[in-house]
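# With the input below, show me the fold.
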Amino acid sequence: MAVPWPQVVLFGDSLFQGATQLLDGFAFQSALQEHVVRRFDVVNRGLSGYNTSQALKALPQIFTPPKEGGPKIEYLLVLFGANDACVPLPTNNQHVPLDKFKQNLTRIITHPSIAAHKPKILLVTPPPLDEIHITKLDLAWGHAAATRRAKISASYSEAVRQVAAEHAGSTTVTLIDLWKGLMDRAVEKTPGFDPAAGKTLGDPDSGVRGHLENLLPDGLHMSGESYRVFFELVKGHVGSEWAGTEEEDRVGYVLPDWRTAPWSED
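Next up, the predicted model:
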């Protein structure tokens, strides 16, 4: 096998599993790998459908403490909550109560197998929800009601902010507010919509989907445009080791640039 290099790990649900896909000409994981090429390997551990309780159970099969000759995790991106926020229904058992979700999230980012790597952790809020659209799809798929609600999903994003704030004294935990980033983009591109009126795009109370229709094609999962917004939120926090240096310096390369690399003596 190839010698393992330092890693950037994406740990989350389908929003990370889907980050491998080319959507509207953009692939989040490829863009991130290009951003850190020859410095880190980007490793995808997105698990479609998983909530934080399932993630905790699976965690020992995903993360182990660093070993001699093994890879070290330099950055860990954590994105859960979209499934935890599901409404409890006979046809859906993904729900995790809000307080339990916060506890699980804290246990994930402080887990000994992760903490041993001393990674920089980017804690990501789940994106907004287009409840107007997802309700139509859920009913068509045989659910008695919508499996997700915009206001409930927003409360799980707020819970992520709270967990990040509780670790504000730590230099290792940074909040990436994907909910705000996407909602700001949606509002910006929805002519005439004023959030100051107390309404939210995608919420049945507003009756307006606006640009969320483009950002969240099925009401939940992200489009290429959304992943572009996500990447712009993330990239400034990954690679501070070489930020501001001349590209020619190749700071952080695992192996030296070809101009200075030694030759075989054969």
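# Spell out the residue ranges of the helices in this protein.
Secondary structure of the chain (DSSP state H): helices located at 14-17, 28-35, 52-58, 98-109, 112-115, 131-140, 150-166, 178-188, 212-215, 224-235.
# Include distance to residue 259 when you put those helices into JSON lines, please.
Every C-beta, even on glycine, is put in place using the N, C-alpha and C of the backbone. As requested, the helices of the chain are exported to JSON lines (distance: least, CB to CB, whole Å):
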{"stretch": "helix 14-17", "distance to residue 259": "36"}
{"stretch": "helix 28-35", "distance to residue 259": "21"}
{"stretch": "helix 52-58", "distance to residue 259": "44"}
{"stretch": "helix 98-109", "distance to residue 259": "40"}
{"stretch": "helix 112-115", "distance to residue 259": "37"}
{"stretch": "helix 131-140", "distance to residue 259": "53"}
{"stretch": "helix 150-166", "distance to residue 259": "41"}
{"stretch": "helix 178-188", "distance to residue 259": "39"}
{"stretch": "helix 212-215", "distance to residue 259": "43"}
{"stretch": "helix 224-235", "distance to residue 259": "26"}
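# Could you check those and tell me which one is nearest residue 78?
For residue 78, the closest of these is helix 98-109, at 6.2 Å, according to CB to CB.
# quick one: contacts of the closest one?
11, 51-53, 55-56, 59, 76, 78, 80-81, 84-85, 96, 114, 121, 123, 155-156, 159-160, 162-163, 166-167, 173 (CB atoms under 8 Å, 6 or more residues apart in numbering).
# how about stretch 83-92 as CSV, C-alpha atoms only?
Only the C-alpha atoms of stretch 83-92 are listed here, as CSV (Å, rounded to 0.1, in the frame of the first residue of the first chain):
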residue,chain,number,x,y,z
ASN,A,83,-30.8,12.9,10.6
ASP,A,84,-30.8,13.5,14.3
ALA,A,85,-33.3,16.3,13.6
CYS,A,86,-35.8,13.9,12.0
VAL,A,87,-39.4,13.9,13.4
PRO,A,88,-40.1,10.7,15.2
LEU,A,89,-42.5,8.7,13.0
PRO,A,90,-43.4,5.0,12.6
THR,A,91,-41.7,5.1,9.2
ASN,A,92,-38.5,6.8,10.4
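# So that it lines up with my notes, have the first residue be 27 from now on.
Yep, numbering from 27; the last one is stretch 109-118 now.
# Can you point out the buried residues in that stretch?
Judged by neighbour count (16 or more other CB atoms under 10 Å), stretch 109-118 contains these buried residues: 109, 110, 111, 112, 113.
# what's the answer for stretch 207-219, then?
Neighbour counts over stretch 207-219 (16+ other CB under 10 Å) mark 207, 208, 209, 211, 212, 213, 216, 219 as buried.
# need the contact list for residue 86.
Counting by CB under 8 Å, 6+ apart, residue 86 touches residue 139.
# how about JSON lines for the buried residues of stretch 207-219, with distance to residue 284 added?
JSON lines is the format used below for those (distance: CB to CB, whole Å):
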{"residue": "207", "distance to residue 284": "38"}
{"residue": "208", "distance to residue 284": "40"}
{"residue": "209", "distance to residue 284": "45"}
{"residue": "211", "distance to residue 284": "40"}
{"residue": "212", "distance to residue 284": "45"}
{"residue": "213", "distance to residue 284": "47"}
{"residue": "216", "distance to residue 284": "49"}
{"residue": "219", "distance to residue 284": "52"}
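# Can you tell me the closest non-neighbouring residue to residue 114?
Distances taken as CB to CB, 6 or more residues apart in numbering put residue 121 closest to residue 114, at 4.5 Å, once the chain neighbours are dropped.
# The one you found: what's it in contact with?
Residue 121 sits in contact with 77, 110, 111, 112, 113, 114, where contact means CB under 8 Å, 6+ apart.
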